[in-house]
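Asks: Quick one, structure for this:
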Amino acid sequence: MGSVDLWCKGQQVLHSFNMYQGGQYVSSGDTVLQLEAGDKVWLQVSTGTSSLSTNSIFTGYLLFAV
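Replies: The predicted model follows:
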C-alpha cells in the first residue's frame, strides 16, 4: 500500500495513516504549521505506489495571520 508524506520547507512533517476501507485504500493525516510568505508545502508519495490513484484531495486553512 502506498504512503503519502507532507513536506514543508524541505522537511517531512507528516507521514500518512493508511487503512483499507470500503474496498479502497485510504490515507489521512492532519497537522498545524506556522508558515511564512513564500514557504512551500507539498505531498509526496513515499512507498508502495502500486495502490495509489490520481484521486487525491489536499486542503489547507488559514487559522490566523501572524
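Asks: Report how many residues lie close to the nearest residue to W42 once chain neighbours are set aside.
Replies: Excluding its sequence neighbours, the residue lying closest to W42 (C-beta to C-beta, 6 or more residues apart in numbering) is W7, at 5.4 Å. (Glycine included, C-beta is placed from N, CA and C.) When neighbours are counted by other C-beta atoms under 10 Å, W7 registers 15.
Asks: Could you tell me the end-to-end distance of stretch 37-57?
Replies: 23 Å (C-alpha to C-alpha, to the nearest Å).
Asks: Now do that stretch, average pLDDT.
Replies: Averaged over stretch 37-57, pLDDT sits at 74.
Asks: helix/strand/coil for the closest residue to L63 other than its chain neighbours?
Replies: Residue nearest to L63 in three dimensions, not counting chain neighbours: V32, with 7.3 Å by C-beta to C-beta, 6+ apart. Following DSSP: H, G, I helix; E, B strand; the rest coil, V32 is assigned to coil.
Asks: Could you measure from V32 over to V13?
Replies: 10 Å (C-beta to C-beta, to the nearest Å).
Asks: returning to that earlier point: next, the contact list for the residue nearest to W42, please.
Replies: Counting by C-beta atoms under 8 Å, 6 or more residues apart in numbering, W7 touches V13, V41, W42, L43, Q44.
Asks: which element follows the helix or strand that L14 is a member of toward the C-terminus?
Replies: Following DSSP states H and E, one finds L14 within strand 11-15. Moving toward the C-terminus from strand 11-15, the next helix or strand (DSSP H and E) is strand 17-21.
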